[in-house]
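A.B. asks: next comes the sequence, and after it the predicted model I'd like to discuss.
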Amino acid sequence: MTDPLAPYLHEPVRFAYWISNLSGGQVVSKVEQRTNWDFDYNVQLARAAEKAGFDFALSATRFVGGYRADGQHEASTFAMSLLNATERLNVIVAIMTGFWHPAVVAKLGATADHISKGRWHLNIVSGWFKHEFDVLGAPWLEHDERYRRSTEFIKVLKGAWTQDDFSFHGDYYNIDNWHLNPKPSFKPHPLIFQGGSSTAARRMAAENSDWYFTNGGSVDELRTQAQQVKTGAAGFGRQLRVGANAFIIARETEAEARGVHAEILAKADPAAVAGFAEAVKQAGQATGDGIGNWAKSTAADLVQPNDGFKTNLIGTPEQVARRIVELKHNGIDLVLAGFLHFQEEVEYFGARVVPLVREFEAETARRRAVTA
Ligand SMILES: Cc1cc2nc3c(=O)[nH]c(=O)nc-3n(C[C@H](O)[C@H](O)[C@H](O)COP(=O)(O)O)c2cc1C
């Protein structure tokens, strides 16, 4: 059998960062964070990030506080506004399928694509935070049904974006002879990312999405997922790329980087972490096979809400860069980065880590050419 990871290995690893549109940063800890969530800060961050070599900026959707993030800027408006402040950066807008109609998103996305000249993309999220749905009085579907709805949502988006008179009749959405005009300029359509790693998420990705986003994990855990979803996509004659979350702590010495991680954990907010642990039972743990995000996360893992410590990008610039290249060899096409002090660390990452990643990638390419 051919290696499902092989078709992607020659591509450079891409970088995305989390837009800081939620209060409280990327760790559930009382550690000092020189990160803000206002718009002006995010404009500076986006400009620094595109200069540093980031291709994508991802927003998070959240309507209510709870265990953390008591303040939230709306994911779509906030991310789109960053497009006007940047030149090359692509945004990935988080869309919670239970709160939107796909025709509205198709229309909104086509317009944002024209305004930004093809730099608008989206992340389909299917939901795990039941409290948010309860507060808003939105129906809460059981785990796999959420994915069935999201699958229809994606089919409507793709149909509207690529067909002239599009009809769709499903369990959740009905569209009759809809002619969306203008179509997006990015072909065949804006990139469809999705978040989640349950069996239902993997199936949806293999058949429908362009990118599969997953929580942080060990190289082995991530490789297993990448092999599975890329094999699944190949079965549909498609390509599927994989992005993994990581909380990056790059410092001049490994001891310093490990010290920062230890301080984040020592100052973690136990009540907030416990609340989060309770809420995420609706994700991976709610599935029949127990596979999915946070299914096996410890309290220390949950201090970073998307298991970003597990990816272990903690160390010197050289250690972090080698590890990123190792992830790429194991099927991870994109690293989604969170930082403690966003602006300054994005700049440091661009100056110290990205050039090493490119150097190590070139070395690997030369070795591959010699052995080919
Ligand atoms: C990179 C990434 C980004 C996500 N962004 C959001 C978000 O903005 N809002 C949200 O409620 N859930 C978000 N999720 C959660 C997923 O949509 C999904 O509900 C969760 O991962 C559980 O899915 P699973 O049971 O398939 O693993 C994100 C997940 C990942 C991996």
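C.D. replies: It's in.
A.B. asks: where does the stretch 1-150 of the chain get nearest to the ligand, which residue?
C.D. replies: residue 125 (3.2 Å; C-beta to the nearest ligand atom). Where C-beta positions appear, they are placed from N, C-alpha and C, glycine not excepted.
A.B. asks: nearest residue to that residue in space, please, no chain neighbours.
C.D. replies: residue 195 (4.9 Å; C-beta to C-beta, 6 or more residues apart in numbering).
A.B. asks: kindly report the same for residue 20.
C.D. replies: Using C-beta to C-beta, 6+ apart, the closest residue to residue 20 is residue 37 (5.0 Å).
A.B. asks: swap in residue 117?
C.D. replies: Per C-beta to C-beta, 6+ apart, closest to residue 117 is residue 185, 6.7 Å.
A.B. asks: confirm that neighbour sits in a strand?
C.D. replies: No: counting by DSSP: H, G, I helix; E, B strand; the rest coil, residue 185 falls outside a strand, being coil.
A.B. asks: now stretch 98-105: buried residues?
C.D. replies: 98, 102-103, 105 (16 or more other C-beta atoms under 10 Å).
A.B. asks: who's in contact with residue 144?
C.D. replies: 198, 200, 287 (C-beta atoms under 8 Å, 6 or more residues apart in numbering).
A.B. asks: mind pulling up the pLDDT for the first one?
C.D. replies: Among the per-residue scores, residue 198 shows a pLDDT of 96.
A.B. asks: hang on, isn't it packed against residue 284?
C.D. replies: Yes: with contacts counted by C-beta atoms under 8 Å, residue 198 reaches residue 284, the gap being 5.7 Å.
A.B. asks: find residues that contact each of the two.
C.D. replies: 291-293.
A.B. asks: and residue 145, how far from residue 172?
C.D. replies: 9 Å (C-beta to C-beta, to the nearest Å).
A.B. asks: how about the residues of the stretch 251-372 of the chain by the ligand?
C.D. replies: 283-284, 292-293, 306, 336 (C-beta under 6 Å from any ligand atom).
A.B. asks: select only the buried ones of the residues you listed in PyMOL?
C.D. replies: Of those, the buried ones go into a single PyMOL selection, burial set by 16+ other C-beta under 10 Å:
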select buried, resi 283+284+292+293+306+336
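A.B. asks: out of the residues of the stretch 251-372 of the chain next to the ligand, the closest to residue 316 would be?
C.D. replies: residue 336 (21.2 Å; C-beta to C-beta).
A.B. asks: so that closest one bridges to which residues?
C.D. replies: Counting by DSSP bridges, residue 336 forms beta bridges with residue 16, residue 245.
A.B. asks: hang on, the earlier thing: tally of neighbours for the residue of the stretch 1-150 of the chain closest to the ligand?
C.D. replies: 23 (other C-beta atoms under 10 Å).
A.B. asks: identify the residues contacting it.
C.D. replies: When contacts are counted by C-beta under 8 Å, 6+ apart, residue 125 touches 61, 94-97, 194-196.
A.B. asks: near the ligand, list only the ones from these.
C.D. replies: Answer for these near the ligand (C-beta under 6 Å from any ligand atom): 61, 94, 96, 195-196.
A.B. asks: which ones among the contacts of residue 125 map onto helices?
C.D. replies: Using DSSP state H, the subset of the contacts of residue 125 located in helices is empty.
A.B. asks: can you map out the helices along the stretch 51-200 of the chain?
C.D. replies: 75-84, 102-116, 130-136, 143-162, 199-208 (DSSP state H, counting those that start in this stretch).
A.B. asks: pick the most buried one from those.
C.D. replies: A comparison of the helices of the stretch 51-200 of the chain by mean neighbour count, using mean count of other C-beta atoms under 10 Å, puts helix 199-208 on top with a mean of 23.
A.B. asks: right, and the helix or strand after it?
C.D. replies: Using DSSP states H and E, the helix or strand that directly follows helix 199-208 along the chain is strand 211-214.
A.B. asks: gap between the lowest-mean-pLDDT helix or strand in the chain and the chain center?
C.D. replies: Least confident helix or strand of the chain, by mean pLDDT, DSSP states H and E, is helix 270-279 with a mean of 90. Taking C-alpha atoms, centre = their mean, to the nearest Å, the mean C-alpha location of helix 270-279 is offset from the chain mean by 22 Å.
A.B. asks: may I see the buried residues of the following helix or strand past it?
C.D. replies: The helix or strand immediately downstream of helix 270-279 is helix 299-302, counting by DSSP H and E. Residues of helix 299-302 classed as buried: 301-302 (neighbour count, 16+ other C-beta under 10 Å).
A.B. asks: within its sheet, name the partner strands of the helix or strand just after helix 299-302 and how each one runs.
C.D. replies: Per DSSP H and E, the first helix or strand lying C-terminal to helix 299-302 is strand 314-315. Paired with strand 314-315 in the same sheet, following DSSP bridges, are strand 249-250 (parallel).
A.B. asks: count of neighbours near the residue nearest to residue 186 when sequence neighbours are not counted?
C.D. replies: Among residues not flanking residue 186 along the chain, residue 118 sits closest, at 3.9 Å (C-beta to C-beta, 6+ apart). Residue 118: 15 surrounding residues under other C-beta under 10 Å.
A.B. asks: residue 118 and residue 71, how far apart?
C.D. replies: 31 Å.
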